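# only the shape, not the letters, is given here:
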């Protein structure tokens, strides 16, 4: 049995490896090892995820697909979730998620009866959490559309969406903290910024640092 960890973020501004330490700690506590990590920045609402399907292609029967949360695996609609489940079932892969307690026992289940019972319970829980993740995705999209509609400013017949202005003063301070090696947790506690904002500013710090380095020529 191999444990294969899947890490996903929705956009390139987000850090797909954010949960890596949590997954490593999870398997270490259970005396397991992660054979490989598969990371990508793709929408969970789409089946177009090369790394997820590379993971499944690498799997053997009985392997574990480890995720931080079920929504990292799926925010799919019912039809696409059925397709993904069928692929997982065909490969006889067991899904273990940190937010799905019933799945923990699957990694080390012993006798056939217990294994089949856990598979059945876990399958129902997976379906439920996948449906919740999809509803959350649709609710956020709807709220976002409503927010954009309210934020539009009418100029004659033309409507222009004005996004939220960047908090430049705060972001400069955050970038300085990042440059000084301060931890993400302490920066979030001090500034109240989101992890996505911190990830975006961290990438900006790296880009600026690379630009300042002298070229070989």
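Structure received. Just so you know, these numbers come straight off a predicted model, no measurement behind them.
# could you look up the SS state of residue 7?
Secondary structure, DSSP: H, G, I helix; E, B strand; the rest coil: residue 7 is strand.
# residues contacting it?
Applying Cβ atoms under 8 Å, 6 or more residues apart in numbering to residue 7 gives the contacts 16-20, 23, 37-40, 67-68, 72. Every C-beta, even on glycine, is put in place using the N, C-alpha and C of the backbone.
# quickly list what it is bridged to.
Counting by DSSP bridges, residue 7 forms beta bridges with residue 39.
# distance check, it against residue 16.
As for residue 7, its distance to residue 16 is 5 Å (criterion: Cβ to Cβ, to the nearest Å).
# could you do residue 187 as well?
The value you get for residue 187 to residue 16, if Cβ to Cβ is used, is 19 Å.
# same thing with residue 203?
When residue 203 is compared with residue 16 (using Cβ to Cβ), they lie 12 Å apart.
# who has more neighbours out of the two?
The neighbour count for residue 203 versus residue 16, taken as other Cβ atoms under 10 Å, is higher for residue 16 (22 against 14).
# just give the nearest non-adjacent residue to that one, would you?
residue 9 (4.0 Å; Cβ to Cβ, 6 or more residues apart in numbering).
# would you map the helices across this structure?
Along the chain, counting by DSSP state H, helices occupy 20-29, 50-58, 70-73, 78-90, 101-104, 112-151, 168-179, 184-191, 195-212.
# a markdown table for these, including mean pLDDT?
Below are the helices of the chain laid out as a markdown table (pLDDT from 0 to 100):
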| stretch | mean pLDDT |
| --- | --- |
| helix 20-29 | 92 |
| helix 50-58 | 95 |
| helix 70-73 | 90 |
| helix 78-90 | 92 |
| helix 101-104 | 71 |
| helix 112-151 | 75 |
| helix 168-179 | 87 |
| helix 184-191 | 84 |
| helix 195-212 | 84 |
